[in-house]
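1. I'd like to go over a predicted model; first the sequence, then the structure.
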Amino acid sequence: MKLVRALAIPFLAAIAMAGSASAGQGGRVTVQMHGMRNSDGQALCALFKGAKGFPDGNAAIQGGQTTVKDGRASCSFKGLEPGTYAVGVIHDEDGDSEMDTVLGIPTEGFGFSNNAKPGMFGPPPFKDAAFRVGAGTKSVVIKMLYL
């Protein structure tokens, strides 16, 4: 399943880039995740600007990880120039910074901005997950999916 390849290990690269934006300037995106089946592990977040590479974590412009509590988690991205963005998230239940799978099917939760649904054999198109960011704060709410 392409979705797994798109979101799995490359989140490590996205997390490494988390501090690459200047924190005091530009727009901000806050992401609220809910519907996690437990509070195990961590949540991984990746922000993408434009369709190129979405949702491959290597193409993310910022990323991060956060704790999960009571089936919820949040992350934020700062220093964003105005434009069109999308977010992909994983509930990394075992804390290994990878999306676990069985026969190519994710066994951990995932989600996209706008609650865009994956296709039959891959992630949703960027346009389905895309949203505009301006100078202020944009709030994004994602309900986690489990297959």
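-> Ah, there it is.

2. Now do the top strand by length along the chain: which elements does it pack against?
-> Identified as the longest strand of the chain according to DSSP state E is strand 83-92. Packing contacts for strand 83-92, counted by 3 or more C-beta pairs under 8 Å, 6 or more residues apart in numbering; DSSP states H and E, involve helix 2-7, strand 27-34, strand 42-49, strand 109-112, helix 126-129, strand 131-133, strand 137-143. From N, CA and C alone the C-beta is placed, and that goes for glycine too.

3. From the rest of the structure, what touches the shortest one?
-> Think strand 131-133. G27, V29, L80, P82, G83, T84, Y85, A86, S113, N114, K138, V140 (C-beta atoms under 8 Å, 6 or more residues apart in numbering).

4. Nearest spatial neighbour of D100, chain-adjacent residues omitted?
-> Leaving out its chain neighbours, the residue that sits closest to D100 by C-beta to C-beta, 6 or more residues apart in numbering is T107, at 4.8 Å.

5. what sits opposite V29 in the beta ladder?
-> F77, K138 (DSSP bridges).

6. got the contact list for the residue nearest to D100?
-> Counting by C-beta under 8 Å, 6+ apart, T107 makes contact with D100, T101, L147.

7. right, and the helices and strands packed on strand 83-92 - which one's nearest P118?
-> P118 lies closest to helix 2-7 among these, at 5.0 Å (C-beta to C-beta).

8. quick one: buried residues of the longest strand of the chain?
-> Buried residues in strand 83-92, counted by 16 or more other C-beta atoms under 10 Å: Y85, A86, V87, G88, V89, I90, H91, D92.

9. ok, now which ones touch the first one?
-> So that's Y85. Contacts of Y85 were listed using C-beta under 8 Å, 6+ apart, and they are V29, L47, F48, K49, S113, A130, F131, R132, V133.

10. Alright, I will stop here.
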